[in-house]
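Chemist: Below are the sequence and a predicted model; questions follow.
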Amino acid sequence: MRCVIARYPFDLTKGGVVDSMKGVTPEPVTGESVTIGRRRYPVKQVGEVVTRQDRRDFSGGEVTRAMTRLGFTCHPAPGAEPAPSSPAATPVETASALLGGPTAPQDR
């Protein structure tokens, strides 16, 4: 699969990423991470190993998108806020609530 990381094109394959990460000890996960095989690596470490570029040259999001497209499981940063379970109010519902109308869709 062709992807662009730090403005450079790369042809990555799932097998190629797995082979690149063999024998690499995972660093402690403090941010976003990706599961490769049975190990969980920080996305910046994976990006550095796979692209051979400095970590400051690319964002974690670029690597996360590429790894997701290749079929790896990516994880958000520990302690990151989970997605809201209920849908957010629409602008019309918010305005209605500010004007004293019903505050939630079930109040209609």
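Modeler: Great, that's in hand. Numbering: from 1, shown residues only.
Chemist: Give me every residue in contact with stretch 52-71, excluding its own residues.
Modeler: With Cβ atoms under 8 Å, 6 or more residues apart in numbering as the test, stretch 52-71 has contacts from 1, 3-6, 8, 10, 12-14, 17, 31-32, 34, 43-48, 50-51, 74. In this view, the C-beta of every residue, glycine as well, is placed from N, C-alpha and C.
Chemist: and the closest residue to residue 9 other than its chain neighbours, backbone torsions?
Modeler: Leaving aside its chain neighbours, residue 9 sits nearest to residue 2 (6.0 Å; criterion: Cβ to Cβ, 6 or more residues apart in numbering). When read as degrees, to the nearest 10, the backbone of residue 2 gives phi -90, psi 130.
Chemist: Out of the contacts of stretch 52-71, which end up buried?
Modeler: Among the contacts of stretch 52-71, those buried by neighbour count (16 or more other Cβ atoms under 10 Å) are 3, 5-6, 10, 12, 17, 32, 34, 43-48, 50-51, 74.
Chemist: Take those residues and keep only those in helices.
Modeler: 17, 43-48, 50-51 (DSSP state H).
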